[in-house]
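Chemist: take a look and give me a structure for this.
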Amino acid sequence: MANAIEMLEHLIGRLNWLLLNLCKGAAVALLAIMLGIIVTAVFFRYGLNDAIPWSEEIAKFVMVWMTFIAAPIGLKMGAHIAIDALANRLRGRFYFVLQVWIFGAIIMLMLMLVDEAWFLTLNARIQRASTIDVSIFYVYLAMPIGCAILALVAFEFWLNALKGLVNPSRGTDRRTENADPGLIG
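Modeler: Numbering: from 1, shown residues only. Modelled structure (predicted):
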């Protein structure tokens, strides 16, 4: 059973590596776009005394996308806030039981959010942005995509915890793992 879990974990890990590298590139590009829009808007507003009407709205849309695209990277790197007082006291199988429960809860929450976000995204098809003629569908699409990738990263961690539950020496203790950005880059 542990070998099947390891094989699935490796497969999901490779998929996550690809997706997270795409997310990393997209997050950098989105940050550059947002910075360019804001700098241009400030220059036009204060330098030329002629504000760009769409700049603030587009910068917000880009920030929404950046948030949902960068969240899976943060989960993979262990950069999200965590309450680890209990986890730090647990050893062996007890630690992996807690990890199975935590990542199982994250997976369930993300899958529920994918479902609800997709519903909201579909309902936003007819709604248009106020300053440019673009459907809000494209802004809302960041939610189901980001939550689906978060669920995949959590699934990889869940499989690792399950592997550790079967045999604690084969699971990775995330407390001792170095949160190296090179993990995805």
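Chemist: and the average pLDDT for the helix of greatest length in the chain is what?
Modeler: Counting by DSSP state H, the longest helix found in the chain is helix 2-42. When pLDDT is averaged over helix 2-42, the result is 94.
Chemist: ok, stretch 121-138 next?
Modeler: On average, stretch 121-138 scores 92.
Chemist: next secondary structure element downstream of the longest helix of the chain?
Modeler: Downstream of helix 2-42, the first helix or strand assigned by DSSP states H and E is helix 55-77.
Chemist: next, the angle from that following helix to helix 2-42.
Modeler: Helix 55-77 runs at 160 degrees relative to helix 2-42, counting by axes from the mean of the first three to the mean of the last three CA atoms, to 10 degrees.
Chemist: which elements pack onto helix 55-77?
Modeler: helix 2-42, helix 137-140, helix 142-166 (3 or more CB pairs under 8 Å, 6 or more residues apart in numbering; DSSP states H and E). Every C-beta, even on glycine, is put in place using the N, C-alpha and C of the backbone.
Chemist: could you say which of the ones you listed is packed most deeply?
Modeler: Among these, helix 142-166 has the highest mean neighbour count (mean count of other CB atoms under 10 Å), at a mean of 22.
Chemist: quick one, that helix and helix 55-77 angle?
Modeler: For helix 142-166 against helix 55-77, the angle by the same axes, to 10 degrees is 10 degrees.
Chemist: gap between helix 142-166 and the chain center?
Modeler: Mean C-alpha position of helix 142-166 versus that of the full chain (CA atoms, centre = their mean, to the nearest Å) differs by 11 Å.
Chemist: try stretch 99-113
Modeler: Distance of stretch 99-113 from the chain centroid (CA atoms, centre = their mean) equals 13 Å.
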